[in-house]
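>>> Only the shape, not the letters, is given here:
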C-alpha cells in the first residue's frame, strides 16, 4: 500500500511538472468568411424599404438576392461604414430576419466569430433568396439619435440590407425602392426610375453606390438649385420641423451658391455627375455630418436660415462635407479604402482625409461668405488655444488619434483634454495651415496649398470612380509644388509629443495668439448656442446653465481643486450659482485678487473648494504682427 502511495505521489509530481491539469487549449475557429473578389455577382438584388410606420419608427424591409448555385452561402450585414471610419454598422437594431426560397423557409445561422455574417444553405433548384426584416430605429433618446420623426426621416441603406460575401461591393448590382408617407418629398443622389403613388423605384446601381447615397425625406421640404446653368446639377435639399424654417433670404442663398463656385475655383474639377446637399433642420431628428461622393448628409439647428445674422457656429458644416467629395471620396487613403463593408478599415491618413478637409472647410466657408474674415479668425483662434492647452499632447501623438474612430467611436469620455479625441480634425487643421503658409513663404506667395489641392485632388475631371493615395504620394505631390523635406516635417508633427500645439502657421500668416478678458463675438455665439459658461482658458472648465460642470481641463485650476465633470456648482462666493456671477468672480482674481470659492455638490457630498487661480478672464483671439504680410488674410480672401 505504501508503494502504491509513493507511485501516486510521483505521478502527481510529474503531472505538475508538465503543467496544471486545468490548462485548456483553444477551440478551433470557424472557417474564414470568403474574401471579396473583383468579379461580378450574377443577377440584380432588389431592396424594398417601407418607411411609413411613423408611430413605431420602423423600417420594414423586403429583399431579394438572386442565386445561381446550391449549397453554403454567406450573407453579410455592413459593419465598417464609410464616413465614420469605424465598425459601427447598426446590427443591433436589425431584427425579424426571415429567409425563404420558393415560399419555403431557409434556415440561417450567425457566424460565431463574425456576428455580422449569416450562413445559409441555398436549397436545390432555388434561383433567389427572399428576405423579410425590420430595422428598428430609436424611439427614445437613451437608444440613440432619432432617425424618424413625425415630420422627417433619414435612411442609410446599409442599415437595411444584407449582401453576398465573396464580391467587391461595386460588383453587386441592386435595384432599391422606397415607400414614403403620403405627401412627403425626398432628396438623394440616387436617380428615380419610376414613381407610383408613394413608392419610388430607383435606377439600378452598385451596392457600393447605394450605400454611398442616403435618403432624407419629410413633409416640409424644399429643393434649391445652387448652380443654375452649371456644368452639373448641384441641389440643396432641405427639410425642416416647420415650414417657416425653410424660408431662405436671398443673400443667404447667394452665400450657399458661392460655396459651389469657390470649390470649383479651388479644385478645378468635379468628380460627380450631380451633387445633392441633404440638409435637415431639426431639434428632433439626430444631427448629421457625413460625406458621400455625390451627396452629403447634414443636420443643423431648426433656425439655421431664419437666425442667420446672429448664429455663427458650425456654419462650416456644408463646406466641410462638400470638400470631402474631392478629399476622402474621390481620392481616399489606400489603407482606408476597402472592397466591401466588412473588411477592416485602417485610419492612418485621417490627418489628410479629415484634417485637410477641416482646414478647407474653414477656408471655403470664409471665402464663400458664411462668416466674415474676422469671425473666421476668431474661430481659428479658439481652435489654436484649445490645442495649445491640450495636456494629452504630452503623452499621445497626433498620429495615434487617427485610431480614435475604432477605439472610442465617439462615446463620451471623462477627460478629453488628457485622453484626446479625434484630434486629427482640428490639430490637423493647424498642421495644414503650417504647410500652406510655409509654401507661400518659400515661394513668395506664388504657390500655396491651393496649388496642391488642384494638383492632388483636382485630377481627372469627370471621373466618378475613386483614386487612392499613400503618405508617400502626399509627400511627392507637396515636393512637386514646393521642394522641401516634407516627409520629415510631417512625421515630426505626427509622431512627436509636445506640450504646445503647432502654431507656426499663424505667425507666418501674420498673426499671433493672445488672450484678453473680453470674449470675441465667436466665443459669445459659441456659449449662447451651447448654453454654457466657457472658462476653459481661465479656471479650466465649462459649466452649463444649471451649474453642472460639463468639461474639465486636465491639471487646470478646477482639476487641481479635485473636481471632475460629475460636479454641480451650487454657489459662487456664497451666492447661488449664476454664469455671469461666476465670470465676475473669475475676473476679480486678476492681479492677486481674491480666489474664487465654490460650493459644489458631487453625488450626496457637498463641499467648499477654493480655486488657486489669479489670472482673471482669458479669451483667445488673433493679433496682427506689425510689419508682416497677412498671409492668413490672403488665404481667407474670396477667389
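That came through fine. Every value quoted in this text rests on a predicted model; they were computed, and no experiment measured them.

>>> tell me the secondary structure for residue 434?
Classification of residue 434 using DSSP: H, G, I helix; E, B strand; the rest coil returns helix.

>>> what's the answer for residue 417, then?
Classification of residue 417 by three-state DSSP places it in helix.

>>> That one reaches residue 387, doesn't it?
No. Taking contacts as CB atoms under 8 Å, residue 417 lies outside contact range of residue 387: 9.8 Å. Every residue, glycine included, has its C-beta placed from N, CA and C.

>>> residue contacts, residue 113?
Residues near residue 113 by CB atoms under 8 Å, 6 or more residues apart in numbering: 29-30.

>>> I'd like to know how far it sits from residue 409.
21 Å (CB to CB, to the nearest Å).

>>> Excluding sequence neighbours, find me the nearest residue to residue 93.
residue 136 (4.7 Å; CB to CB, 6 or more residues apart in numbering).

>>> Could you give the bridge partners of that neighbour?
residue 58 (DSSP bridges).

>>> quick one: residue 526 is in a helix?
Yes. Using three-state DSSP, the assignment for residue 526 is a helix.

>>> residues near it, how many?
By the criterion of other CB atoms under 10 Å, residue 526 has 19 neighbours.

>>> Let's see the pLDDT reported for residue 287.
Looking at residue 287, its pLDDT reads 89.

>>> Ok, residue 16 next?
On pLDDT, residue 16 comes in at 45.

>>> Now stretch 409-417: buried residues?
Burial within stretch 409-417, assessed by neighbour count using 16 or more other CB atoms under 10 Å, is assigned to 415-417.

>>> dump the residue contacts of residue 611.
Shown in contact with residue 611 (CB under 8 Å, 6+ apart): 539, 557-558, 561, 589, 595-598.

>>> Remind me which helix or strand residue 319 belongs to.
Secondary-structure element containing residue 319, defined by DSSP states H and E: helix 317-323.

>>> Name the residues that touch that helix?
By CB under 8 Å, 6+ apart, the residues outside helix 317-323 that reach it are 256, 259-260, 263, 275, 277, 279, 289-291, 296-298, 300, 357-358, 360-362, 364-365, 368, 370.

>>> all strands of the stretch 251-400 of the chain, in order?
Here the stretch 251-400 of the chain has its strands, by DSSP state E, counting those that start in this stretch, at 274-281, 289-291, 295-300, 331-333.

>>> ditto for the stretch 401-550 of the chain
Assigned by DSSP E, counting those that start in this stretch, the stretch 401-550 of the chain shows strands spanning 467-469, 511-516, 532-535, 541-544, 549-552.

>>> For residue 233, find the nearest of the ones you listed.
When these are compared by CB to CB, strand 467-469 sits nearest residue 233, at 23.3 Å.

>>> what helices or strands is that closest one leaning on?
Counting contacts by 3 or more CB pairs under 8 Å, 6 or more residues apart in numbering; DSSP states H and E, strand 467-469 packs against strand 331-333.

>>> Identify the residues contacting the strand it packs on?
Strand 331-333 is contacted by residues 346-350, 352-353, 456-457, 459, 466-470 when judged by CB under 8 Å, 6+ apart.

>>> show me what contacts the residue nearest to residue 632 when sequence neighbours are not counted?
Distances taken as CB to CB, 6+ apart place residue 509 nearest to residue 632, at 3.3 Å, with adjacent residues excluded. By CB under 8 Å, 6+ apart, residue 509 lies in contact with 433, 437, 630-632, 635.

>>> top of those by neighbour count?
Neighbour-wise, the contacts of residue 509 (other CB under 10 Å) top out at residue 433, 27 neighbours.

>>> Next up, the contacts around residue 582.
533, 535, 543, 569, 572, 596.

>>> neighbours around the closest residue to residue 282 other than its chain neighbours, how many?
Excluding the flanking residues, the one nearest residue 282 by CB to CB, 6+ apart is residue 241, at 4.9 Å. Under the neighbour criterion other CB under 10 Å, residue 241 is assigned a count of 21.

>>> Wait, residue 241 touches residue 220, no?
Yes. Between residue 241 and residue 220 there is a contact at 7.3 Å, judged by CB under 8 Å.

>>> got any residues that touch both of those two?
Jointly contacting residue 241 and residue 220 under the rule CB under 8 Å, 6+ apart are 151-152.

>>> hang on, isn't residue 425 packed against residue 354?
Yes. Counting by CB under 8 Å, residue 354 is a contact partner of residue 425 at 5.2 Å.

>>> and the two? which has more neighbours close in?
Between residue 425 and residue 354, counting by other CB under 10 Å, residue 354 is the more crowded of the two (26 against 20).

>>> Run through the residues that contact that one.
328, 422, 424-425, 428.

>>> In helices, which of these fall?
residue 428 (DSSP state H).

>>> Could you list the domains of this protein?
33-215, 331-510, 538-617 (automatic domain parsing).

>>> What separation is there between residue 353 and residue 279?
In terms of CB to CB, residue 353 sits 22 Å off from residue 279.

>>> okay, residue 22: pLDDT?
pLDDT, residue 22: 87.

>>> where in the stretch 501-639 of the chain is pLDDT low?
Applying pLDDT under 70 to the stretch 501-639 of the chain flags no residue at all.

>>> Ramachandran coordinates for residue 583?
phi -60, psi -40 (degrees, to the nearest 10).

>>> my guess is it meets residue 533, correct?
Yes. Counting by CB under 8 Å, residue 533 is a contact partner of residue 583 at 6.5 Å.

>>> between those two, who's got more neighbours?
Per other CB under 10 Å, whichever of residue 583 and residue 533 has more neighbours is residue 533, with 22 against 18.

>>> For that one, give me its contacts.
Counting by CB under 8 Å, 6+ apart, residue 533 has contacts 527, 542-545, 579-580, 582-583.

>>> Against residue 119, how distant is residue 111?
Between residue 111 and residue 119 the computed distance is 6 Å (CB to CB).

>>> where do the contact lists of the two overlap?
residue 74.

>>> May I have the distance across stretch 148-166, first residue to last?
Across stretch 148-166, the terminal residues are separated by 33 Å (CA to CA, to the nearest Å).

>>> For residue 275, which residues count as its bridge partners?
Beta bridges link residue 275 to residue 234, judged by DSSP bridges.

>>> Check it and give its pLDDT.
pLDDT, residue 275: 98.

>>> So it is in contact with residue 235, correct?
Yes. Counting by CB under 8 Å, residue 275 touches residue 235, with 7.3 Å between them.

>>> higher neighbour count, those two?
Set residue 275 next to residue 235 and count neighbours by other CB under 10 Å: residue 275 wins out with 24 against 18.

>>> so who does the residue nearest the centre of the chain touch?
When CA atoms, centre = their mean is applied to the chain, the residue found nearest the centroid is residue 84 (5.4 Å). Counting by CB under 8 Å, 6+ apart, residue 84 touches 290, 405.

>>> which residues in the stretch 101-250 of the chain form strands?
Under DSSP E, counting those that start in this stretch, the stretch 101-250 of the chain gives strands at 104-105, 108-110, 117-122, 128-136, 152-155, 163-164, 173-179, 185-188, 192-196, 199-202, 205-206, 215-218, 221-225, 233-240.

>>> In TSV, list the ones you listed along with distance to residue 486.
Listed next are the strands of the stretch 101-250 of the chain as TSV, based on distance: least, CB to CB, whole Å:
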stretch	distance to residue 486
strand 104-105	60
strand 108-110	48
strand 117-122	42
strand 128-136	46
strand 152-155	40
strand 163-164	40
strand 173-179	42
strand 185-188	40
strand 192-196	46
strand 199-202	44
strand 205-206	36
strand 215-218	40
strand 221-225	41
strand 233-240	34
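
>>> which one of these lies closest to residue 515?
Closest approach to residue 515 among those (CB to CB): strand 233-240, 38.6 Å.

>>> That's all I had, so thanks and see you.
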